[in-house]
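Q: Have a look at this prediction, sequence included:
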Amino acid sequence: MASHVSLTPATELAAKNKSHFPNETSQYRQARNALLTEEIELRRHIERVAEMRRSLPLGGKIPEDYTFESEHGAVRLSDLFGEKQTLVIYSMMFGPQRQHACPMCTAMLTSWDGTARNLRERVALAVTARSPIARFLDFKKDRGWRNLPLYSDTKGDYTRTYVNAEDGDVPALNVFTRRDGSIYHFWAGEMSNEMADPGQDGRGAPDPDPLWGILDLTPEGRGKDWYPKLEYAQPI
């Protein structure tokens, strides 16, 4: 959405809404159209933020071409780009000290596994963890992931530089870009728990996990104390 374009007020656009559903009350339709106005404004704000993100100047050039372990042996960060100019790396909470992988990371990456085939048409994608690659690949098989390329940051140099300086077992989402043969950091999720509003998790915006976006459409919402699990009780 170009910033110089004159936009029709959201209230006018919402007034064009022709949606109606069986037995709805006038109070419902009035409240729903008011919400629709805010949804239009939200869509516009999301696009403004995305435009600002795309317009960021180049970040810092990577200090070194980090080494990872893949299922086929050692690879460099530069190798992860393939033929693409952009690389999206998610670092999940699955360090060697963990008995099990993080359920939140696992839930999100399960969703990503479904869309990875589409993402790879536009960008390169990689998922890293500090656990040894054999353990990481066993977990991938256990979860039924088919499309996520996994890499172990065995030495931890990448993790300490772009995830956590103390090598903490925390998640991170980073985007790198390749220009004229050099690799630069472009963007990282930088929202922390200290930046959370009252009653909210310190989640990013936009939230990279579609799970929460769908729950936001429901009357129960995200809930106050519900989080994904690695396993659920089987239905009777």
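A: Thanks, I have it.

Q: so which strand or helix has F176?
A: Secondary structure from DSSP states H and E places F176 in strand 172-179.

Q: Can you mark which positions in that strand are buried?
A: Across strand 172-179, burial judged by 16 or more other CB atoms under 10 Å covers A172, L173, N174, V175, F176, T177, R178. C-beta: built from backbone N, CA, C; applies to glycine.

Q: So the residue nearest to the spatial centre of the chain: helix, strand or coil?
A: Centre of the chain computed as the mean C-alpha position; nearest residue by CA atoms, centre = their mean is P208, 2.6 Å away. Of the three states, P208 takes coil under DSSP: H, G, I helix; E, B strand; the rest coil.

Q: Validate this expectation: A74 resides in a strand.
A: Yes: according to three-state DSSP, A74 belongs to a strand.

Q: Tell me the bridge partners for the closest residue to it other than its chain neighbours.
A: Excluding the flanking residues, the one nearest A74 by CB to CB, 6 or more residues apart in numbering is T67, at 5.6 Å. Assessed by DSSP bridges, T67 has beta-bridge partners R76.

Q: these two touch, right, T67 and G73?
A: No: T67 is not in contact with G73 according to CB atoms under 8 Å; the separation is 10.4 Å.

Q: the more surrounded of those two?
A: Using other CB atoms under 10 Å as the criterion, T67 and G73 rank with T67 on top: 16 against 7.

Q: per-residue pLDDT, the more buried one?
A: We have a pLDDT of 98 for T67.
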